[in-house]
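Peer 1: Need coordinates for the following:
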Amino acid sequence: MDKATRTAITDWLLEHGLAGAAETELLRGFCERCQAAGIDLHRGVVFIDTLHPILEGRGWRWGGDGNSGAAMFEYPRHTSPDDDHRWRLSPFYRLLENGDTLLHLNLEGGGPFDYPVVQDLAAEGCTGYMAAIHRFERGKAIGPVDCTYSSWSTRRPGGFSDDDLDDMRSLLPAFLLAIKTATMTEVARTLAHVYLGRDAGERVLGGRITRGVAERINAVLWYSDLRSSTSISDTAAPEEIIPFLNDYAAAAIDAIHGEGGDVLKLMGDGILAIFGGARTPVAGRAALRAERRFRENIRRLDVERAALERPTTSAYVGLHCGEVFYGNIGSNERLDFTVVGPAVNEVSRIASMCRAVDRDLLVSAALIEALGPVEQEHFVSTGRFALRGVGRAQTLYTLDPAVSTDSAHAVRYAHCLDGAPAGRKAGLDNSAP
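Peer 2: Alright, predicted model coming up:
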């Protein structure tokens, strides 16, 4: 490969890396250009550990028999002795142990080879293999994101030539820099979504990070916490507390996200979320669907945990709607992207009233009034209450008990949440038994 060709490939990588091309596009384009320039690549694999609550990392494959495209794969954290054993038998583990950066093997002799993956490639007809690790500068890594791993194979007689190896050594830094750039963007997005919430995370990534910048929005507010969580935490074994909180938080977050809501805060066993949108009735139905889905999740979770003799519980949910400020609150050193305003205080007080009236769900009069008559007929008043820290008393509503005891009523409630035609307006002055 002449200097002009190397420069052209490097320029392509820099251009597409700066443009934000996906890793699959970068890998496919790199391999195709190497092939066109005379490096007879058969297969390429690149992967990088990531900063993610579940995944160990992500990788991308190109080539192989019958496949000239590129595809992503994800790998979970090593959780078993078998996982660790397979990793220790990989060429990359050897490179890390020895502090080397490149391993090159000619496979034409047929082996046996020290590495199962190399033995498999030789059995497929590959004649040459190289593995490379490109480390990040010490102190510049983000958690486990400290290097890139790549491997390459060929079927050309004689394997990789010395010129091939020189070309790959020259080109790989630009290629892997582009991969690193794309991966770091995904890491930032993951962290923003996980710690700030999906919508708030996207707003921060979009540049909304100036202190004091907030917008007025109308939203449906969700506040939930767990029933008897304090007594459970006091009596459960210490190693059970975090799994207990995680299980029920996952049940709530799955329900909220599944219906288009955004979780803004996790406060011990408490969750603050919003359902936004131009129309409050639409957001209100989404919040009610999420509450129904949350109950279904809890029922399944309770069965699973009871079978393992682990503590179980239920949850209180308060729903409200109103105008809030949505944006950056805090100091220059520590900002929180969240919602503030009287409505936020009110929804937390509504949720806390669930204990006093022994109801799992309480909905404010403001949200009830914003819903249509079809939704309203499924709610009954629990009374008028003075909420702590709130200047005026409010009437609170809960689901009509018939939703739980009468199958026809339950079907009508489900249909109205899923967008059934509006029906008659029911009175809202009935008291819950």
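Peer 1: in the stretch 301-433 of the chain, which ranges drop under the pLDDT threshold?
Peer 2: Along the stretch 301-433 of the chain, the parts satisfying pLDDT under 70 run over 419-433.
Peer 1: And the helices in it?
Peer 2: Using DSSP state H, counting those that start in this stretch, the helices of the stretch 301-433 of the chain run over 342-357, 365-370, 373-376, 402-405, 407-417.
Peer 1: Which stretch among these approaches R77 most closely?
Peer 2: Nearest to R77 among the helices of the stretch 301-433 of the chain is helix 342-357 (34.9 Å), distances taken as CB to CB. The way it works is simple: take the backbone N, C-alpha and C, and place the C-beta from them, glycine included.
Peer 1: can I get the CA coordinates of the closest one in CSV?
Peer 2: Output in CSV follows, covering the C-alpha atoms of helix 342-357 (Å, rounded to 0.1, in the frame of the first residue of the first chain):
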residue,chain,number,x,y,z
PRO,A,342,-45.7,24.0,44.2
ALA,A,343,-47.1,21.1,42.2
VAL,A,344,-44.0,19.0,43.0
ASN,A,345,-44.5,19.5,46.7
GLU,A,346,-48.2,18.8,46.3
VAL,A,347,-47.7,15.4,44.6
SER,A,348,-45.4,14.2,47.3
ARG,A,349,-48.0,15.2,49.9
ILE,A,350,-50.7,13.4,48.0
ALA,A,351,-48.6,10.2,47.9
SER,A,352,-48.0,10.5,51.7
MET,A,353,-51.8,10.7,52.2
CYS,A,354,-52.1,7.2,50.8
ARG,A,355,-51.1,5.8,54.2
ALA,A,356,-53.7,7.9,56.1
VAL,A,357,-56.6,6.8,53.9
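Peer 1: Counting by contacts, list what it packs against.
Peer 2: Packing partners of helix 342-357 (3 or more CB pairs under 8 Å, 6 or more residues apart in numbering; DSSP states H and E): strand 214-226, strand 270-275, strand 315-330, strand 361-364, strand 379-385, strand 394-399.
Peer 1: What is the distance between that helix and the centre of its chain?
Peer 2: 29 Å (CA atoms, centre = their mean, to the nearest Å).
Peer 1: got a list of what the nearest residue to F136 once chain neighbours are set aside touches?
Peer 2: In this structure, F136 finds its nearest non-sequential neighbour in D146, 5.3 Å apart by CB to CB, 6 or more residues apart in numbering. Going by CB atoms under 8 Å, 6 or more residues apart in numbering, D146 touches D49, R135, F136.
Peer 1: Look up phi and psi at the second one.
Peer 2: This means R135. phi -80, psi 150 (degrees, to the nearest 10).
Peer 1: Let me know whether S348 touches Y223 as I believe.
Peer 2: Yes. S348 is within contact range of Y223, at 4.9 Å (criterion: CB atoms under 8 Å).
Peer 1: Between these two, tell me which one has more neighbours.
Peer 2: Taking neighbours as other CB atoms under 10 Å, S348 and Y223 compare with Y223 leading, 26 against 19.
Peer 1: My guess is that one contacts G270. True?
Peer 2: Yes. The criterion here is CB under 8 Å, and Y223 meets it with G270 at 6.9 Å.
Peer 1: what do these two both touch?
Peer 2: Listed contacts common to Y223 and G270 are S348; contacts here mean CB under 8 Å, 6+ apart.
Peer 1: who are the neighbours in contact with the residue nearest to G318 when sequence neighbours are not counted?
Peer 2: Counting by CB to CB, 6+ apart, A351 is the residue found nearest to G318 once chain neighbours are left out, at 3.1 Å. Residues near A351 by CB under 8 Å, 6+ apart: Y223, S224, D225, Y316, V317, G318, L362.
Peer 1: Please report the number of neighbouring residues for A290.
Peer 2: For A290, the neighbour count with other CB under 10 Å is 28.
Peer 1: what do you get for R88?
Peer 2: Neighbour tally, R88, other CB under 10 Å: 10.
Peer 1: Can you read off the backbone torsions of P173?
Peer 2: phi -60, psi -40.
Peer 1: Hmm, it is touching R135, no?
Peer 2: No. P173 is beyond contact range of R135, at 11.6 Å (criterion: CB under 8 Å).
Peer 1: ok so, going back, for the residue nearest to F136, what are phi and psi?
Peer 2: D146 adopts backbone torsions of phi -120, psi 0, taken as degrees, to the nearest 10.
Peer 1: cool, the one 5 residues further on as well?
Peer 2: Dihedral angles of S151 (phi, psi; degrees, to the nearest 10) stand at phi -140, psi 150.
Peer 1: Please name the residues that touch it.
Peer 2: For S151, counting by CB under 8 Å, 6+ apart, the contacting residues are G44, V45, V46, P91, V117, Y129, M130, A131, A132.
Peer 1: and which of those is nearest to S161?
Peer 2: Among the contacts of S151, and counting by CB to CB, the member closest to S161 is M130, at 11.6 Å.
Peer 1: Just give me the neighbour total for that closest one.
Peer 2: For M130, the count of nearby residues is 21 (other CB under 10 Å).
Peer 1: Excluding chain neighbours, what is closest to L89?
Peer 2: P116 (5.7 Å).
Peer 1: and V324, what are its bridge partners?
Peer 2: Per DSSP bridges, the residues bridged to V324 are I217.
Peer 1: Was I right to think it contacts R216?
Peer 2: Yes. The pair V324 and R216 passes the contact test of CB under 8 Å, sitting 7.5 Å apart.
Peer 1: So between those two, which is more surrounded?
Peer 2: For V324 versus R216, the count of surrounding residues by other CB under 10 Å is larger for V324: 23 against 10.
Peer 1: and that one, what does it touch?
Peer 2: Applying CB under 8 Å, 6+ apart, the residues contacting V324 are R216, I217, N218, A219, L221, I274, V339, V340, G341, A343, V344.
Peer 1: Where does R61 sit: helix, strand or coil?
Peer 2: strand (DSSP: H, G, I helix; E, B strand; the rest coil).
Peer 1: Noted, bye for now.
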